[in-house]
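Enquirer: After the sequence you'll find the predicted model.
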Amino acid sequence: MKKVVILIYGALAYIIFLVAFLYAIGFVGNIYVPKTIDSGIEPSLINALSTNAILLSVFALQHSIMARPAFKKWFTSIFSHAMERSTYILLSSLALILIYWQWQPINTIVWETQNTFLSSALIGIFYMGWLIVLLSTFMINHFELFGLAQIFDNLKNKQTPNPKFQTNYFYKIVRHPIMLGFLIAFWVTPTMTVGHLFFALVTTVYILIAVKYLEEKDLKKFIGEKYETYQKEVPMIIPYTKRK
């Protein structure tokens with residue numbers, strides 16, 4: 001019965017993640033969803049910046065703390081190992097939903113293109129960024145990354161093996177293609193408002209710090225010399241910036 005409950009829990013966490021991920025496309029792109037990055041009543045600049053900074057900080061702290069090996073060790077000492085990744089995904093998704101709900105728009109225009117061709121090209125690149133994110137998850141192990149492998153293995157009385165170090169497709173070009181996709185999606189837009197720019201700047205700084213000083217440190221410790229060689233050969237996020 002406990003394993004069935006964990007299976008349902010993990011499945012619900014994945015469904016909530018899918019909803020949050022799809023909503024993110026509409027939220028950042030100002031399309032299809034009721035609340036976007038530029039919609040709603042605009043408050044004072046100070047209120048908007050402080051509220052948005054708190055929202056992004058909640059996500060950053062949750063994302064970084066729960067991804068650390070020390071937290072995972074503590075969590076699995078109390079709860080089932082099969083629940084760890086699903087819980088991380090669930091709370092990350094809820095933190096995103098909080099951002100969508102409480103985000104305060106700042107609609108002063110920073111740049112805007114009136115050229116139809118250029119606007120269409122930028123929208124196409126925006127969608128390409130999200131596609132890079134999604135495809136990159138399948139180039140490693142999408143189902144392990146989002147906790148599904150763990151809950152199904154648990155149901156079958158199997159222990160999910162540690163993820164293998166893989167450098168498939170996009171991972172031969174950059175070490176973190178998922179983050180590259182997010183950066184493209186956050187920055188490429190025909191109309192950039194101050195609120196959108198604040199979102200893009202803060203998330204970019206967080207991504208660079210988290211990847212360079214937290215995630216890469218953990219990966220080197222876990223994988224060892226093989227990852228250090230990979231670091232020397234493949235750029236972190238910006239393609240083709242390594243000298244041969």
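Expert: Cool, the structure landed. None of the values given here were measured: they were computed from a predicted structure. Numbers count the residues shown, from 1 in each chain.
Enquirer: could you point out which element follows the lengthiest helix in the chain?
Expert: Assignment by DSSP state H gives helix 2-29 as the longest helix of the chain. Counting by DSSP states H and E, the element after helix 2-29 in chain order, helix or strand, is helix 45-67.
Enquirer: Tell me the helix or strand right after that next one.
Expert: helix 69-78.
Enquirer: From the chain's centre, how far out is that next one? Work that out for me.
Expert: Distance, stretch centre to chain centre, for helix 69-78: 21 Å (C-alpha atoms, centre = their mean, to the nearest Å).
Enquirer: and the longest helix of the chain, which residues are buried?
Expert: Within helix 2-29, the residues that count as buried by 16 or more other C-beta atoms under 10 Å are 6-7, 9-10, 13-14, 16-17, 20-21, 23-29. Yep, even glycine has a C-beta here, placed from its N, CA and C like the rest.
Enquirer: Residue ranges in this protein under the pLDDT threshold?
Expert: 243-244 (pLDDT under 70).
Enquirer: Please repeat the previous calculation with a cut-off of 90.
Expert: 1, 159-168, 240-244 (pLDDT under 90).
Enquirer: now for the longest helix of the chain, which elements pack on it?
Expert: Applying 3 or more C-beta pairs under 8 Å, 6 or more residues apart in numbering; DSSP states H and E, we find helix 2-29 packed against helix 81-102, helix 116-139, helix 148-155, helix 177-187.
Enquirer: So which of the ones you listed is the most surrounded?
Expert: Mean neighbours per residue, mean count of other C-beta atoms under 10 Å, is largest over the helices and strands packed on helix 2-29 for helix 177-187, with a mean of 22.
Enquirer: That one: how far from the chain's middle?
Expert: Worked out by C-alpha atoms, centre = their mean, helix 177-187 lies 9 Å from the chain centre.
Enquirer: before we move on, what about stretch 222-239?
Expert: 20 Å.
Enquirer: Enumerate the positions of it that are buried.
Expert: Of the residues in stretch 222-239, Tyr227, Tyr230, Val234, Met236, Ile237 count as buried by neighbour count, 16+ other C-beta under 10 Å.
Enquirer: ok, so of these, who is nearest Val110?
Expert: Ile237 (22.9 Å; C-beta to C-beta).
Enquirer: which residues touch Lys242?
Expert: Lys232, Glu233, Val234, Pro235 (C-beta atoms under 8 Å, 6 or more residues apart in numbering).
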